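Engineer: Only the shape, not the letters, is given here:
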């Protein structure tokens, strides 16, 4: 399960203004640089900038792949998110495309009805300039 190499990159994900606005509405992170072009330009940007947590949230695509693998190996398992950390390394302008990839970084030997593991992920522009990275700790509970 543990791997030293990252999976393939995901297909490109468009960071559209609609996506930024929906994230702002859902989280309350509606600062002007995210949702108002005029404010973003007056702050020195060419366009609006995606929220950092929106960008980091694309790691869910990696988690989905890992969860499918866990469900295959441990049928009937349920996943619990235990925590994680992230580092923002760049700003993502509206209209950009990003991709994400990841790897299982560590896994404890399975115990009766439980396995605990972590995965590492990176979010990058399509030219592979990284904009975010981090790790997530998960537990699988199975029958």
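Structural biologist: Everything's here; your move. All of these numbers come straight from a predicted model, not from anything done at the bench. Numbering: from 1, shown residues only.
Engineer: dump the residue contacts of residue 128.
Structural biologist: residue 9 (CB atoms under 8 Å, 6 or more residues apart in numbering). C-betas here are computed from N, CA, C, even on glycine.
Engineer: helix, strand or coil for it?
Structural biologist: Classification of residue 128 by DSSP: H, G, I helix; E, B strand; the rest coil places it in coil.
Engineer: Tell me, what's the model's pLDDT at it?
Structural biologist: At residue 128, the pLDDT value in this model is 93.
Engineer: Moving C-terminal from the lowest-mean-pLDDT helix or strand in the chain, which element do we reach first?
Structural biologist: Within the chain, no helix or strand scores below helix 60-73, which has a mean of 87 by mean pLDDT, DSSP states H and E. Scanning forward in sequence from helix 60-73 by DSSP states H and E, the next helix or strand is strand 78-88.
Engineer: For that following strand, which strands pair with it and how are they oriented?
Structural biologist: strand 130-141 (antiparallel) (DSSP bridges).
Engineer: Only the buried residues of the partner strand, if you could.
Structural biologist: 131, 132, 133, 134, 135, 136, 137, 138, 140 (16 or more other CB atoms under 10 Å).
Engineer: And the first one, how close does it get to residue 34?
Structural biologist: What that stands for is residue 131. Distance of residue 131 to residue 34, given as CB to CB, to the nearest Å: 15 Å.
Engineer: what does the fifth one give?
Structural biologist: Per CB to CB, residue 135 is found 25 Å from residue 34.
Engineer: just the second one next, same as before
Structural biologist: Note on residue 132: its distance to residue 34, by CB to CB, is 16 Å.
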